[in-house]
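After the sequence you'll find the predicted model.
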Amino acid sequence: MTQSKLHFIAIGGSAMHNLAIDAHLKGYHVTGSDDEIFDPSRTRLAEIGLLPETLGWFPERITTDLHAVIVGMHARADNPELLKAQELGLKVYSFPDYVLEQSKHKHRVVIAGSHGKTTITAMVMHVLKACGRKFDYLVGASVEGFEHHVSITKNAPTIIIEGDEYFSAPFDATPKFLRYKHHIGVISGIAWDHMNVYPTFDEYVAPFEDFADATPKAGALIYSQDDSIASVIGAKERTDVIQIAYQAHPHKIIEGVTYLTVGKQERVRVAFFGEHNLKNVSAAKAVCARLGIDEEPFYKAISSFKGAGKRLERVAERSNFVMFKDYAHSPSKVLATTSAVKRQFVERKLIACLELHTYSSLNREFLPQYNDTLNAADQAIVYFNPKALAIKKMPMLDHEEIKKAFDHDNLRIFDDSEALQAHLASLSWNNKNLLMMSSGNFNGLNLNEIGEKILASL
């Protein structure tokens, strides 16, 4: 049997490199190209022998013996390799179309939403694995117990997909989550994000309406009843579609530990916390119920769930101090994460540090969306890297407009990562918590090292 040959254009993407690794592990002959590849993609590709020897685009590598070409969003519509593939009449897939092709005979669960989708996906994966179910998955973060972010096999009857609203490909402006053609769909919540893709709130909401409307007959739509937009979209009458609304799971916080309240008496201790995660666990429970997982095995499994990577991940901890890092970057995520840490440790001061890193967060027109999002913090810090603005070809931010946007009485702003690190080192940390939030890396700051130095000072 001839080995299938696949070529990945823009292989360095966060999702693309994981799909390429999965294809390689399944025995496909995989090649790829990109004009820039950063960690963790770079290291992961190098470890498995898939890192391109030379960066750039090489149309001569696109030949008729390729079985398919998969194109990531980082590529442009005039990419020379893409044009060559189209000229040769090769099968060209967007990332989501290729995932659909590989899972077209499977029961597809697609988890969408502005926030929470990674954690819900991870929770469902954790429970299904604990219950001995066979399933495939696609998730945007590391999950304990799973070596890779993507696994698509021949035999698994179900696939759990984290579906985002970004466009599918440079030649296809369809949001990714619409391409997966779900049987069970989840909308965790809707809060305007990705201003560079969806310039207005209405443009951002429209794909979620399309996603809900795409739920097939006999399919299920699970949505957050607490989210004003998701609840309106989810509750819309749809013929022969099962509609399931969920809310934050009943719970108690006892001495800094969260317990899920089950029935009148039972309490299930969990490692995660925060109102947003209590909503996430309810969504995961609803998905698992549709997949035939009863309550008892669900609660037994969820009690050992430690969270998805970079989601309220503990960096350093002592009896009187915890340092967290979190992927929060959009206003709704920043608000939820900051409030969660403060509520969990009400007796401690909270210092919350946010890096403005995405196109939306660095856009002065979007900045007012962050108003009051850091209010739960006793001291708030906002950092941005001028280099990020230059790379994105955006105008420099003014410290005063950032202060006005966040409207926090105790706010410090830094545009130098070394100055930020020095400031953190100068503070007293007894009976305080530190929360570092970013989809970037604070210009390469070693958060583990910062945590170790704080512990040494206590």
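Thanks, I have it.

mind listing what Lys176 touches?
For Lys176, the contacting residues are Phe95, Pro96, Gly163, Asp164, Glu165, Tyr166, Phe167, Ser168, by CB atoms under 8 Å, 6 or more residues apart in numbering. C-beta coordinates here come from the backbone N, C-alpha and C atoms, glycine included.

Apart from its chain neighbours, what residue comes closest to the third one?
Yep, that's Gly163 we're talking about. Excluding the flanking residues, the one nearest Gly163 by CB to CB, 6 or more residues apart in numbering is Phe177, at 3.2 Å.

My guess is the one you found contacts Phe167. True?
No. Contact between Phe177 and Phe167 fails when scored by CB atoms under 8 Å: they sit 11.1 Å apart.

Go ahead and confirm Tyr98 touches Asp22.
No. Tyr98 is beyond contact range of Asp22, at 10.6 Å (criterion: CB under 8 Å).

got the contact list for Asn443?
Contacts of Asn443 (CB under 8 Å, 6+ apart): Asn385, Lys387, Ser417.

Can you check those and name whichever has the most neighbours?
Within the contacts of Asn443, Asn385 tops the neighbour count with 21 neighbours, counted by other CB atoms under 10 Å.

For it, give its distance to Asp35.
21 Å (CB to CB, to the nearest Å).

Repeat that for Leu312.
In this view, Leu312 and Asp35 are 34 Å apart by CB to CB.

out of these two, which sits in the busier spot?
Neighbours per residue, other CB under 10 Å: of Leu312 and Asp35, the larger number sits with Leu312, 25 against 14.

Not counting its neighbours along the chain, what's nearest Ala122?
Ala308 (4.0 Å).

do you know how far the residue nearest to Gly163 is from Glu101?
Distance, Phe177 to Glu101, using CB to CB: 16 Å.

Counting neighbours, go ahead and name the busier of those two.
Phe177 (29 against 13).

give the contact list for that one.
Pro96, Val110, Ala112, Gly163, Asp164, Glu165, Pro207, Phe211.

give me that answer again for 6 Å
Val110, Ala112, Gly163, Phe211 (CB atoms under 6 Å, 6 or more residues apart in numbering).

Of these, which belong to helices?
Taking DSSP state H as the definition of helices, the contacts of Phe177 contribute Phe211.

three-state assignment of Tyr93?
Put simply, Tyr93 is strand when judged by DSSP: H, G, I helix; E, B strand; the rest coil.

That one contacts Ile70, doesn't it?
Yes. Using CB atoms under 6 Å, Tyr93 is in contact with Ile70, at 5.0 Å.

These two: which has the busier surroundings?
The residue with more neighbours, out of Tyr93 and Ile70, is Ile70; 26 against 21, by other CB under 10 Å.

So what does the more buried one look like in phi/psi?
phi -110, psi 130 (degrees, to the nearest 10).

how about the strands in the stretch 201-350 of the chain?
220-224, 242-246, 251-254, 257-262, 266-270, 313-318, 321-326, 349-356 (DSSP state E, counting those that start in this stretch).

now those in JSON lines, with mean pLDDT?
Putting the strands of the stretch 201-350 of the chain into JSON lines (pLDDT from 0 to 100) gives the following:
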{"stretch": "strand 220-224", "mean pLDDT": "98"}
{"stretch": "strand 242-246", "mean pLDDT": "98"}
{"stretch": "strand 251-254", "mean pLDDT": "93"}
{"stretch": "strand 257-262", "mean pLDDT": "95"}
{"stretch": "strand 266-270", "mean pLDDT": "95"}
{"stretch": "strand 313-318", "mean pLDDT": "96"}
{"stretch": "strand 321-326", "mean pLDDT": "97"}
{"stretch": "strand 349-356", "mean pLDDT": "98"}
